[in-house]
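Trainee: Prediction below, plus the sequence it came from.
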Amino acid sequence: QLQLVESGGGSVQPGESLKLSCGASGVTLDDYAIGWFRQAPGKEREGVACISSNNGAIQYDGSVKGRFTISRDNTKITVYLQMNSLKPEDTGVYYCAARADAYCSVYIPTYAFDNWGQGTQVTVSS
């Protein structure tokens, strides 16, 4: 069981950027498909970005495509979510999740991910 930890959340104004990090205490995440999800108050958790483990294929939800970038660092220990041009509707708790499978998609249901972090709050407001 991975103990995932997210960091990097905060409060920013519209148009600004944040970079979230997801790690598991030095454990390599290279064998896991990693997804970033967010949950706004009163709404269901939704997938925003996903990176597969084998070929590194990446998928984004349409609402963040072109603004968010998911990536793995060279050591394969950390997965990042670079968020640019943030909008108020990006506000929510952001979670990273891992599944012991090569394939990742933002449309895979949350129950298919075995390991979750505790979440980090992102607030975008003027």
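Mentor: That came through, no problem. Numbering: from 1, shown residues only.
Trainee: The most centrally placed residue in the chain pairs with what?
Mentor: Nearest to the geometric centre of the chain sits W36, at 2.1 Å (C-alpha atoms, centre = their mean). W36 forms beta bridges with A49, C96, as assigned by DSSP bridges.
Trainee: Am I right that it is in contact with I58?
Mentor: No - W36 is beyond contact range of I58, at 10.9 Å (criterion: C-beta atoms under 8 Å). Every C-beta, even on glycine, is put in place using the N, C-alpha and C of the backbone.
Trainee: who touches both of those two?
Mentor: Taking C-beta atoms under 8 Å, 6 or more residues apart in numbering as the contact rule, W36 and I58 both touch A49, C50, I70.
Trainee: Specify which member of those is nearest to S7.
Mentor: Ranked by distance to S7 (C-beta to C-beta), those are led by I70 at 15.4 Å.
Trainee: Name the SS class of the closest one, please.
Mentor: Here I70 takes the strand state, with states given by DSSP: H, G, I helix; E, B strand; the rest coil.
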